[in-house]
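Using only what follows, build the 3D model:
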Amino acid sequence: MTEISRRSLVLGTLAAAGTVAAAGAAPASAASRPAAVPLVRRRLTLPSGIATGDVTSNSAVLWSRSSGPGRLIATLRTVGTDGRVLRGKGAYERVLRGGWANADTDFTAKVNAANLPSGSRFQLTLQFEDEAGTLSEAGIGSLATAAGPSAAGRSSVRGNQVPRGQSFVWTGDTAGQGWGINEEIGGMLGYRAMHRTRPDFFIHSGDTVYADGPITAEVVEPDGRIWKNVVTEEVSKVAETLNEFRGRHRYNMMDANLRAMYAEVPVIAQWDDHETTNNWWHGETLDDPRYTVRDVDTLAARGRQAWQEYMPIADSRALRKGTGFEPARIYRKIERGPQLDVFALDMRTFKGENTPGTEPHATSILGEEQLQWLIREVTRSKATWKVISSDLPLGIIVPDGKAQESIANRDNGAPLGRELELARLLKALKDNKVRNVVWLTADVHYCAAHHYSPERAAFKDFDPFWEFVAGPINAGSFGPNDMDLTFGPEVVFSKAGYTNQSPRTGEGQFFGHVELDEDDTFTVSLRDAAETVLWRKALRPQR
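Residues are numbered from 1 along each chain as shown. You can find the predicted model right below:
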């Protein structure tokens, strides 16, 4: 997108935001009356900031959390390339009222904003209105819808043009292995590094929280230094109750870097295992003395509810309350205009028991419903690039004791077990002549670039493709792992920190960045949280 100063956008709209915020305050003439003082003190606040998510060319999900009961009010105003709110003819302003936030949702609420003009930049103001009609403090943010179908990507709003090109970042693994918010070093610096690249959106590829990882006040780092965490009651033990799962999300939103990024960069969120507990599968019974609740399905239902409350996801099926294992799932497609479709997978809900993975028959990781959906939707996609964002890697061996956590099974021969689902998918994409498919993932706590080709593979009925790996963003570093050669991966690049390296220097924390030019060149770079570009590759689209 055209470079504009996010700071200028925010500073240029503070006056307007102040006007909105003041709309719920007592009249100036009442300021001298003692009765007005308690009203100001009771005004609702936004303790977890604001966020947006699943932003397409014409829609967005707007999110916030209130300090008490209230209805979420969203105001969207188009801004020009200079960051100033557009006035007069062609300007766009819309006020939307969302759901009522109360204890049933941990005081979170969402607004689904539809029918937005494509290729447009918006100033966003979010507030809660209490039962008396008083407005809360104002949360100020911004977002941009993707360019529409026209080749030039021109906006339908005069003076508010977003070019065809776009950029995004991805990573995973937030507040893992006991590395939480260390305010002595400035908090979660990986989020600051991602924010500084000025991306149009962010894919969080899973492990958005570590519900199974207690956070203590001090941790001795491998090099002997003392890491000092902010600690809350809910993060001091493994999460079992719904409030403890919610508390994990509240904790992450305490970080100033994360809040600043989420206010200005829409997120596409996925879940993996640590939103519940390590390496879990449906039907598992835990053998872990830290837990009094041993039934994983019970924990997963609570973890999923908390995740759904705190993540600004757009699929209406995922917004419904339920057990977490009903037929409606959280996988979804987010269209980003003619250049890009993002397919966010759920490789956890359908996942079968972790075994060595060498069964002669297919075992589940996507599940038949999701597999057929993915084949159908990727085949139908008219976008130049199809990004499949998976919360688990394809060819990386991820051990779970003597079993396997991901798809790979350490057997370099023909596909077995979970690999058979992947083989069906790759064959279907080849048979349907689908071009320009790229896989993105996190999970393994290092970064890598893998090229898969049938020339090197035991299974040969697929077209070559790339898989890019990046993470963690604020967790311990590990890897690199061994590769399974069934689908012919070549490790073109990889970099890992030392074992359980803390996020202090940022050198063991990784994220990926993608720049899509107006000519549809897909440039991938792997970076660390010290803001160093480690590796770069430009992919040209096949027509």
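
secondary structure element for residue 450?
Taking DSSP states H and E as the definition, one finds residue 450 inside strand 447-452.

quick one: contacts of that strand?
If you take Cβ atoms under 8 Å, 6 or more residues apart in numbering as the criterion, strand 447-452 is touched by 394-396, 462, 464-471, 480, 483, 487-496, 510, 512, 524, 526, 528, 534-535, 537. Every C-beta, even on glycine, is put in place using the N, C-alpha and C of the backbone.

what sits up against the helix or strand just after it?
Next helix or strand after strand 447-452 toward the C-terminus (DSSP H and E): strand 465-469. Residues outside strand 465-469 that contact it (Cβ under 8 Å, 6+ apart): 393-396, 426, 437-444, 446-452, 489, 494, 512, 524, 526, 537, 539.

pLDDT on the strand holding residue 450, on average?
For strand 447-452, the mean pLDDT works out to 98.

Show me the contacts of strand 465-469 that map onto strands.
Residues from the contacts of strand 465-469 lying in strands, with DSSP state E as the criterion: 437-441, 447-452, 489, 494, 512, 524, 526, 537, 539.

Of those residues, grab the buried ones for PyMOL.
Here is the PyMOL command that selects the buried residues among the ones in strands among the contacts of strand 465-469 (16 or more other Cβ atoms under 10 Å):
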select buried, resi 437+438+439+440+441+447+448+449+450+451+452+489+494+512+524+526
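
pLDDT below threshold where in this structure?
Residues of the chain that meet the criterion pLDDT under 70 lie in 1-41, 150-163, 315-329.

Do you have the helices of it handy? List them.
Using DSSP state H, the helices of the chain run over 6-22, 36-41, 189-195, 242-252, 256-264, 296-310, 368-380, 419-431.

Residue 370 reaches residue 331, doesn't it?
Yes. Counting by Cβ atoms under 8 Å, residue 331 is a contact partner of residue 370 at 5.3 Å.

In stretch 234-247, which residues have enough neighbours to count as buried?
Across stretch 234-247, burial judged by 16+ other Cβ under 10 Å covers 234-235, 238-240, 244-247.

For these, work out which two are farthest apart.
The span of the buried residues of stretch 234-247, defined through Cβ to Cβ, is set by 238 and 246 at 14.2 Å.

returning to that earlier point: which single one of the buried residues of stretch 234-247 is nearest to residue 360?
Closest approach between the buried residues of stretch 234-247 and residue 360, by Cβ to Cβ: residue 238, at 36.8 Å.

dump the residue contacts of the closest one.
Contact analysis of residue 238 by Cβ under 8 Å, 6+ apart lists 211-214, 244, 277, 288, 290-291.

what about stretch 535-543, how long is it end to end?
26 Å (Cα to Cα, to the nearest Å).

can you check stretch 476-489 too?
Distance across stretch 476-489, first residue to last, is 26 Å (Cα to Cα).

Buried by neighbour count: which residues of that stretch qualify?
Those would be 476-481, 483-489, for stretch 476-489 by 16+ other Cβ under 10 Å.

who touches stretch 207-216?
Stretch 207-216 has contacts (Cβ under 8 Å, 6+ apart) with 172-178, 180, 229, 231, 235-239, 244-245, 248-249, 251-252, 269-278, 303, 307, 311, 391, 442-443, 471-472, 475.

can you count the residues close to residue 223?
Other residues lying near residue 223 total 9 when counted by other Cβ atoms under 10 Å.

Can you pull the phi/psi pair for it?
Here the main-chain torsion angles of residue 223 (degrees, to the nearest 10) amount to phi -90, psi 10.

I'd like the distance between it and residue 531.
Using Cβ to Cβ, to the nearest Å, residue 223 is found at 21 Å from residue 531.

contacting residues for the residue lying closest to residue 477 once chain neighbours are set aside?
With sequence-adjacent residues excluded and distances taken as Cβ to Cβ, 6 or more residues apart in numbering, residue 477 is closest to residue 497, at 2.9 Å. Going by Cβ under 8 Å, 6+ apart, residue 497 touches 446, 477-478, 507-509.

What distance do you get for residue 497 to residue 225?
From residue 497 over to residue 225 the distance is 15 Å, taken as Cβ to Cβ.

Pull the contacting residues for the closest residue in space to residue 464 that isn't next to it in sequence.
Spatial nearest neighbour of residue 464, excluding adjacent residues (Cβ to Cβ, 6+ apart): residue 453 at 4.4 Å. Residues in contact with residue 453 (Cβ under 8 Å, 6+ apart) are 464, 488, 490.

Counting neighbours, what do you get for residue 278?
17.

Could you check how far the nearest residue to it once chain neighbours are set aside is from residue 409?
Leaving aside its sequence neighbours, residue 278 sits nearest to residue 212 (Cβ to Cβ, 6+ apart; 5.3 Å). To residue 409, residue 212 is 24 Å away according to Cβ to Cβ.

Any idea what residue 510 is bridged to?
Per DSSP bridges, the residues bridged to residue 510 are residue 528.

wait, isn't it in contact with residue 470?
Yes. The criterion here is Cβ under 8 Å, and residue 510 meets it with residue 470 at 4.8 Å.

which residues do the two both contact?
Common contact partners of residue 510 and residue 470 (Cβ under 8 Å, 6+ apart): 171, 447, 526.

Just put these in JSON lines and tack on distance to residue 416.
Shown next, in JSON lines, are those (distance: Cβ to Cβ, whole Å):
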{"residue": "171", "distance to residue 416": "31"}
{"residue": "447", "distance to residue 416": "28"}
{"residue": "526", "distance to residue 416": "31"}
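
Looking at the residues you listed, spot the one nearest residue 142.
residue 171 (21.2 Å).

OK, contacts around that closest one?
Residue 171 is in contact with 190, 194, 204-205, 442, 470-473, 510-512, counting by Cβ under 8 Å, 6+ apart.

circling back to that earlier point, biggest separation within the buried residues of stretch 476-489, which pair?
Every pair of those checked by Cβ to Cβ; the farthest is 476 and 488, at 30.4 Å.

For residue 72, see how far away residue 130 is.
Residue 130 sits 12 Å away from residue 72, going by Cβ to Cβ.
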